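J.: Output the structure for:
(4 chains, ligands or ions: 6)
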Amino acid sequence: MLSQGLIVRHEDMGDYDQKLRRLVLKGPFAKIAKAGQFVSLQVQDSARASLDPLLRRPISIAEICQEREEITLLYRIKGRGTKILAQARCGESLSILGPLGNGFSLPQEGELWLVAGGIGIFPLFALAQKAIAQGLNLRLFWGGENKAFLESAGLTQWRELAIEMSLSTLDGSLGSQGLVTEPVREALNKLEPGNKNGEAQENRVHIAVCGPKGMMQSVAELCKTFKIPAEVSLEERMGCAVGACLGCVCALKDSEGRLIHKKVCLDGPVFPGEEVVWDETC
Amino acid sequence: MLSQGLIVRHEDMGDYDQKLRRLVLKGPFAKIAKAGQFVSLQVQDSARASLDPLLRRPISIAEICQEREEITLLYRIKGRGTKILAQARCGESLSILGPLGNGFSLPQEGELWLVAGGIGIFPLFALAQKAIAQGLNLRLFWGGENKAFLESAGLTQWRELAIEMSLSTLDGSLGSQGLVTEPVREALNKLEPGNKNGEAQENRVHIAVCGPKGMMQSVAELCKTFKIPAEVSLEERMGCAVGACLGCVCALKDSEGRLIHKKVCLDGPVFPGEEVVWDETC
Amino acid sequence: MKPVDMTTRLGEITLRNPIITASGTYGFGEEYLAYCPLEALGGITLKGITPLPRLGNPVPRLAETPAGLLNAVGLENPGLEEFLKSYLPKLGQAPTAIIANISGFSLEDYASMARALQQDSGITALEVNISCPNVKHGGMHFGTDPQSAQEVMAAVKAETNLPVIAKLSPNVTDIVGMARAVQRGGADALSLINTLLGMSIDIDAQRPVLANTFGGLSGPAIRPVAVRMVWQVAEAVDLPIIGMGGITSWEDAVEFLLAGATAVSIGTGNFYNPQAPLEILEGIRTYCEQRGYSKVKELVGLAHRG
Amino acid sequence: MKPVDMTTRLGEITLRNPIITASGTYGFGEEYLAYCPLEALGGITLKGITPLPRLGNPVPRLAETPAGLLNAVGLENPGLEEFLKSYLPKLGQAPTAIIANISGFSLEDYASMARALQQDSGITALEVNISCPNVKHGGMHFGTDPQSAQEVMAAVKAETNLPVIAKLSPNVTDIVGMARAVQRGGADALSLINTLLGMSIDIDAQRPVLANTFGGLSGPAIRPVAVRMVWQVAEAVDLPIIGMGGITSWEDAVEFLLAGATAVSIGTGNFYNPQAPLEILEGIRTYCEQRGYSKVKELVGLAHRG
Ligand SMILES: Cc1cc2nc3c(=O)[nH]c(=O)nc-3n(C[C@H](O)[C@H](O)[C@H](O)COP(=O)(O)OP(=O)(O)OC[C@H]3O[C@@H](n4cnc5c(N)ncnc54)[C@H](O)[C@@H]3O)c2cc1C
Ligand SMILES: Cc1cc2nc3c(=O)[nH]c(=O)nc-3n(C[C@H](O)[C@H](O)[C@H](O)COP(=O)(O)OP(=O)(O)OC[C@H]3O[C@@H](n4cnc5c(N)ncnc54)[C@H](O)[C@@H]3O)c2cc1C
Ligand SMILES: Cc1cc2nc3c(=O)[nH]c(=O)nc-3n(C[C@H](O)[C@H](O)[C@H](O)COP(=O)(O)O)c2cc1C
Ligand SMILES: Cc1cc2nc3c(=O)[nH]c(=O)nc-3n(C[C@H](O)[C@H](O)[C@H](O)COP(=O)(O)O)c2cc1C
Ligand code: FES
Ligand code: FES
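T.: Ligands and ions are numbered 1, 2, ... in the order given. As a prediction, this is how the structure comes out:
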C-alpha cells in the first residue's frame, strides 16, 4: 500500500543525546500492519518533496494501534536521512510504502525468548504485545551500551509488560556487564534436556533475535548448538523495498545445502537463523 | 553577508489563488539592507538542508524594519523552488545571502515615478517609503492582470501611502483597461516642456521601473523619447549571486556605444534604462 | 473533447501508451502489481537475463548519492531456462508490451538467448544490454566499442524474429557513433540511457561503499546527460528511441518526448514513487489535452524546431 | 596535541591546505572575499581566459537540475591582455596558490597564453582547460582525443616555466587513457573533472532552457562520476590529482582525498554555501584530529588499501 502518513506525534525518546525518536503516524496502513513488519518512508514532508535524499528509508513498526489507525516508529538519528526525518513536524505528511515484509512467526505454544541488541529492541515490542495476548511465556534478553541508552530506548515500557528480563550493558551500568549473548548462553545451558535437543517437548523454546549482525550470528549459532529454533531479522540497504531491484539480497542455504539469495524486503526481513549464511557478504 | 533568517511570519497575501506570499525574516541582514536590494535564499529550512533544489533564489527586499531586525519578502509561487519555500514555517531558519545588489537610486529632489508591472511592484515599496521620508513627490503606475491580483498584491498598503496612483488591469476590472505603459505615456505627454527635454529643470522627473521585460523595454524607450532618466530592475537566472559565475549577465551599451556585459547580481539589478540593450538575449 | 490518442510506435510495435518500466528496476513484472496494474502500462522491461543463472555481486549493492542511486547488482538472475519456465508464464496475457532484456559476456551468449526468444514465446521485443564486459576482448565493454556493439546486434538479429532494441551505455565519448553502429547491426530501436559508471566511498570505513567498488549511477542526477544523448541521437539517427534516465515526474517524461524519444522508461523513479508510471501517464495526457494535441506522438522531438 | 599538518603538494607546488576553488565559479578571486579570506585557502583557480576577450553565450546560461547545475557561460572573459593588466594585479600577494585557467581553440591559442604566463607573473600554476572544441579539427574536442590533448600539453609546457595542470573532461570512454596522454605531453598534475555534457528542456516553451542548447553539468549530481574517475586515474597514473565535482561538504572532500586526490576544488558548492571552503577545511582538520592523522597527506588514496 502506498499512502500518506500524518504525523500525530514526534518526540525525543528519553535523553536527547541518545538521538532516539518516537514517530507516530496516522493512516490506512495501520489497519493491516502486523508485528514485525516495516514501512519504507520518505523522510521529507510530501508537500516539500525533494529528490535529495532520493531513497525511502525502511523502519520497523514498533507499535500498532488499529482503533486510532496509528503506528509507532522508533528510530535513531544516524545518517542524513534520519537527520532530516527528525525535523518533520506534527501536521506534516510522509509518503509511506507498506506495511512490508513478513515479521517474526509466533509459536502456537511454549516460551518465546526475545533477544535484542541495541535498537534491535524496536521491532520486538509489537511482537511482545501480541505474544502476551496469545498467552505465550515471554522472556527478554536485551543488551545495550549503558543504562542511559536502555532507559531511553523504552525500558520503562518493557518493565510494564512484567515479563522476565535479562539486561546487560557494555559498561555494567545496568544488568550484567558484557554482551547480551552471555545471559542467553547461560539461560540455554539451564534448559532441561527436553528443551535442549528438542526431542521431548518439540520446540518448547523459540527465539526471536534482532540487533547487530555479529550478535545475531552468535545467537543463531548458539541456538543451532542447542537445537532451538531461532528467527533473525536482517537489515540490508534497500532500493525498491518490494522485491523488484535485488538490492537487498541475503545469502541462505536451501534445504539441499545450496547457496541461494533471498530478498530481505520481500522474503524477510525475518529468516530462520540456521538458514542464514553469515560469512557471505552476500 | 551569509547568515540565518528566522521566519517570524509567513502567510498568504490576499486571495489564496493568487499564490502570493509574505515572508518576514529576522536576522542581521536587516541592519544593513537598503531599498531595492535583494537576498539570495535557500528555500529549505537549514536543519533539513537538501541538495535539491540546489540553487538559492533571488528575492527582492520589499520592506525593511531595522529596529525589529526584520525584512519582508513578497513572492509568487511559481516553480519548484517557491513551491517548497511556501511550506516553510515560523520558527524555521533559512540561509540568507545578502543583502545584495545596488537598488534604485533616489534623486535628490523632484518627482519620482514608480512604474510596476505585476509582481514588479514588490521591490518598489521600500523605495517608496524611503522616497516619502526624503520628501520626494511620488507617483505610482501599476498594471496587473485584474482587480483581484492588485488587491492581493498590496494595493491597500499602497493606498495608505496616499500618493497619486494610476492603476490599470488587463480586463479593466480596476483602473484603466490595458497595459501600464499607456497611463505612463499619457502622463509623459502631459509634462511641461521643461521636464520633457530635461533642459529647463534638469531631471525633474525620474522613473523607476520593475516588471516583465517587454514592459520595462517599452517604458525605457518611452523615457528615452521624452529624455527622462529611467532605471529598470532586471531579472536573470543566478548561480552565485555575487558576481563570480557570469551566469546572470545582461547586455548594455557603454559610453562609446560598445556592447558590454554586466552582472545583474553585482552591478545591478538596477540599470539605467537607456543603457540596456533589450533585443540581445545577451 | 476527443480523448488523446496515447499510442506510440517503436518500429513495428505499437504501444498502448509511451510509458515503459526500465530493466532491473521492475523485477519480472510481478513485484509492482499491487501499485500499478500491468495493463495500465505501454510496456515493461524485465530484469536482464544471462544464459546461465547468476548470483550477482556481494552486498552492499546500493549506495544513495545526491538525487541519484548507485547500483552494482551484478546481473543476478535465474538464467534463461528458469526464466522461460518459471517467470515468463506468470505474466499471462496483457495488452502491454513485454520486453526481455538480455546480457552476455560473448557473442555466443547473446546469440543463444536470441535463439530461445522468438515471437511465440510471449515476449514483444528483445532489449539487448551491451554494457557488460566483453570477456573475450579483455574486459572492454561491448557497449563502448562501436564495432563490437554492431557485431552483437547482428548476432542477435540473425537469431530472432522479435524486434530488437539496443540499449546503449552513456559512458562513451560519442553516443551518436554508438547509435549508428547498432543501427548498422540491425537494431530496430534504441534504449537511451543505461547507467553512468560511478562510485562512492564510506569515509568512516575508508573504503568503497559498494562491495563491487564501482556501480551504475541512475536517477534524477543523470537526467540532463540522458536528455542530451536522446537529443543528439534523435538529430542524427533515424530509429525510434526509448528515453530514460532519472524520470520521476510527468514533466521529466515530457522533456524526453520533446527531445525526440517516442517512449519513455521509468527506472529508479519507481523506488521513489511506486505509482510514478500511472501519475506520469496521466500527467502527459493532461499536458496534451491542455495544449490541444490529439495524439501524444505529436510531442516527439518538438523541441528541435527552430 | 600537535596541530594537523594541512599542507599538501601538487608536484613542485606546496599548498597551505588542500582546498582550492574551481575555475569559472570563483571569478577572478575578488568576488567571494567577503565570505572567505584568500589566505584561508590552499589555492584559487581563476575564470578561464582566452587570448582575445569573449562575450560568451547568450542568456539563459544556467539551468537548475536535480542536485545539479547546467551552465553554458561560453567562456566569457576579458582576454589575456586585460587579465594581466586589470585583474591579476588586484590579487596582490597572498600565501595562496593562484592558478590561471587557460582555454583555446587551437594549439597557437594555448601556446600564446602560456608564453605570457611565467613564474614572475604572480601566478603559481597554469591549469589547461582542454574541453573547448578544436576548431581546426572540425570541432572535435581537444579533451576527448588523447593525441590532441597530448599536443596541447606539450605546446603549453614548451612555452612556460610554470607548473602545468591538465584539466580533463569526463565526457570520454576512457579517462585513464586521457590522463596518460597528458602525462606524455608533460603535465605536472591533473584536475578531475570538468563538467558532464547535458541539457534540459523547458516544457512550456518546448525548447532547450539554455540559449546554447547544451551545457556543462556540475554539482553534487556528478560527484559519483568524479570520484570514480579520480579513483581510476589514481590507480593508473603517477601524477598528483586535484579532485572536484560536486563537493559541498567536508565529507565529500574527504571522499575525494581517500579516492586518491591530493587536493580538492570547490565549484558549484560555493553557490550553495559561500563559506563552503572554510567549513570544508575545518571539517577535514577535525576528521584528521579525531582519527589521529598528523598530516592531511596521509588521507590521500587510503581507500585503495586491500
Ligand atoms: C527492515 C529494516 C528495518 C529497520 N528498522 C529500523 C528501526 O526500527 N529503527 C531504526 O532506527 N532503524 C531501522 N532500520 C535501519 C534504518 O533503515 C537505517 O538506520 C536508516 O536507514 C539510517 O539511515 P539514514 O538515512 O540516517 O542514513 P544515511 O546515511 O542517510 O543512509 C544512506 C543509505 O543507506 C541506507 N542505510 C543506512 N543504514 C542502514 C541500515 N542499518 N540498514 C539498512 N539500510 C541502511 C539508507 O536506507 C540509505 O539508503 C531498519 C532497516 C531495515 C532494513
Ligand atoms: C534580482 C531579482 C529579484 C527578484 N525578486 C523577486 C520577488 O521579490 N518576488 C518574486 O516572486 N520573485 C522575484 N524574483 C524572481 C524569483 O527569483 C523567481 O521567480 C523565482 O526564482 C522563481 O523560481 P522558482 O524557484 O519558483 O522556479 P523554478 O522553476 O524552481 O526555478 C528554476 C531556476 O530558474 C530561476 N528562475 C526562475 N524564474 C526566474 C526569474 N523570473 N528570474 C530569475 N531567475 C528565475 C530560479 O532562480 C532557479 O534557478 C526575483 C528575481 C531576481 C533576479
Ligand atoms: C537496480 C538497477 C538494476 C538495473 N539492472 C539493469 C539490467 O539488468 N539491464 C539493463 O539493461 N539495465 C539495468 N539497469 C539500468 C536501468 O534500466 C536504466 O537504464 C537506468 O537505471 C537509468 O534509468 P533511471 O534513472 O530511470 O533508473 C538497472 C538499474 C538499476 C537502478
Ligand atoms: C558557471 C561555471 C563556469 C565554469 N567555467 C569553467 C572554466 O572557465 N574553465 C574550466 O576549466 N572549468 C570551468 N567550470 C568547471 C568547474 O571548474 C568544475 O570543473 C566543475 O564545475 C565541477 O566541479 P563542481 O561540481 O564543484 O562545480 C565551470 C563551472 C561552472 C559551474
Ligand atoms: S529492496 Fe529492492 S529487492 Fe529488496
Ligand atoms: S549570479 Fe553569478 S555572476 Fe551573477
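
J.: Let me know whether stretch A:92-103 sits next to ligand 5.
T.: No: Stretch A:92-103 does not reach ligand 5 (CB under 6 Å from any ligand atom); its nearest approach is 9.3 Å. For every residue, glycine as well, the C-beta is placed using N, CA and C.

J.: In the stretch 151-282 of chain A, what residue comes closest to ligand 3?
T.: Nearest residue of the stretch 151-282 of chain A to ligand 3, counting by CB to the nearest ligand atom: residue A:245, 4.3 Å away.

J.: how about that residue, what does it touch?
T.: A:239, C:24-25, C:27, C:62, C:71, C:73, C:271 (CB atoms under 8 Å, 6 or more residues apart in numbering or on different chains).

J.: Assign it to helix, strand or coil.
T.: Following DSSP: H, G, I helix; E, B strand; the rest coil, we place residue A:245 in the coil state.

J.: In terms of pLDDT, where does it sit?
T.: Note on residue A:245: pLDDT of 98.

J.: Which residue ranges of the stretch 1-150 of chain A form helices?
T.: All helices of the stretch 1-150 of chain A, identified by DSSP state H, counting those that start in this stretch, fall at A:29-32, A:80-85, A:124-133, A:147-152.

J.: ditto for the stretch 101-250 of chain C
T.: Taking DSSP H, counting those that start in this stretch, the helices of the stretch 101-250 of chain C run over residues C:107-116, C:146-159, C:175-184, C:223-236, C:250-259.

J.: In a markdown table: the ones you listed, plus mean neighbour count and mean pLDDT.
T.: Listed next are the helices of the stretch 101-250 of chain C as a markdown table, based on neighbours: other CB atoms under 10 Å in any protein chain shown; pLDDT from 0 to 100:
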| stretch | mean neighbour count | mean pLDDT |
| --- | --- | --- |
| helix C:107-116 | 19 | 96 |
| helix C:146-159 | 21 | 96 |
| helix C:175-184 | 21 | 98 |
| helix C:223-236 | 26 | 98 |
| helix C:250-259 | 26 | 98 |
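
J.: closest one to ligand 4 among the ones you listed?
T.: helix C:223-236 (12.8 Å).

J.: The closest one near chain D anywhere?
T.: Yes: counting by CB under 8 Å from any CB of the partner chain, chain D is contacted by helix C:223-236 at C:223-225, C:227-228, C:231.

J.: just curious, which of these is nearest to ligand 5?
T.: For the residues of helix C:223-236 next to chain D, the nearest to ligand 5 is residue C:223 (21.5 Å; CB to the nearest ligand atom).

J.: what's the closest non-adjacent residue to that closest one?
T.: Leaving aside its chain neighbours, residue C:223 sits nearest to residue C:246 (3.2 Å; criterion: CB to CB, 6 or more residues apart in numbering or on different chains).

J.: need the contact list for the residue lying closest to residue A:226 once chain neighbours are set aside.
T.: Nearest residue to residue A:226, sequence neighbours excluded (CB to CB, 6+ apart): residue A:188, at 4.7 Å. Contact analysis of residue A:188 by CB under 8 Å, 6+ apart lists A:196, A:222-223, A:226, A:228.

J.: Only alpha carbons, please: show the helix or strand harbouring residue A:188 as PDB.
T.: Using DSSP states H and E, residue A:188 sits in helix A:181-190. As requested, the backbone C-alpha atoms of helix A:181-190 are provided in PDB (Å, rounded to 0.1, in the frame of the first residue of the first chain):
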ATOM      1  CA  THR A 181      24.900 -13.300  24.200                       C
ATOM      2  CA  GLU A 182      26.300 -14.300  27.600                       C
ATOM      3  CA  PRO A 183      22.900 -14.300  29.500                       C
ATOM      4  CA  VAL A 184      21.400 -16.100  26.500                       C
ATOM      5  CA  ARG A 185      24.100 -18.800  26.700                       C
ATOM      6  CA  GLU A 186      23.600 -19.200  30.400                       C
ATOM      7  CA  ALA A 187      19.800 -19.500  30.000                       C
ATOM      8  CA  LEU A 188      20.200 -22.000  27.300                       C
ATOM      9  CA  ASN A 189      22.600 -24.000  29.500                       C
ATOM     10  CA  LYS A 190      20.000 -24.100  32.200                       C
END
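
J.: Run a quick neighbour tally on the closest residue to chain C within the stretch 1-150 of chain A.
T.: Residue nearest to chain C within the stretch 1-150 of chain A: residue A:51 (4.3 Å; CB to the nearest CB). Neighbours of residue A:51 under the rule other CB atoms under 10 Å in any protein chain shown: 27.

J.: That one reaches residue D:67, doesn't it?
T.: Yes: applying CB atoms under 8 Å as the test, residue A:51 and residue D:67 come out as touching, 6.9 Å apart.

J.: measure the residue in the stretch 151-300 of chain C that ligand 5 sits nearest to to residue D:53 for me?
T.: Ligand 5 sits closest to residue C:271 of the stretch 151-300 of chain C, with a gap of 7.5 Å, by CB to the nearest ligand atom. Look at residue C:271 and residue D:53: by CB to CB, to the nearest Å, they are 48 Å apart.
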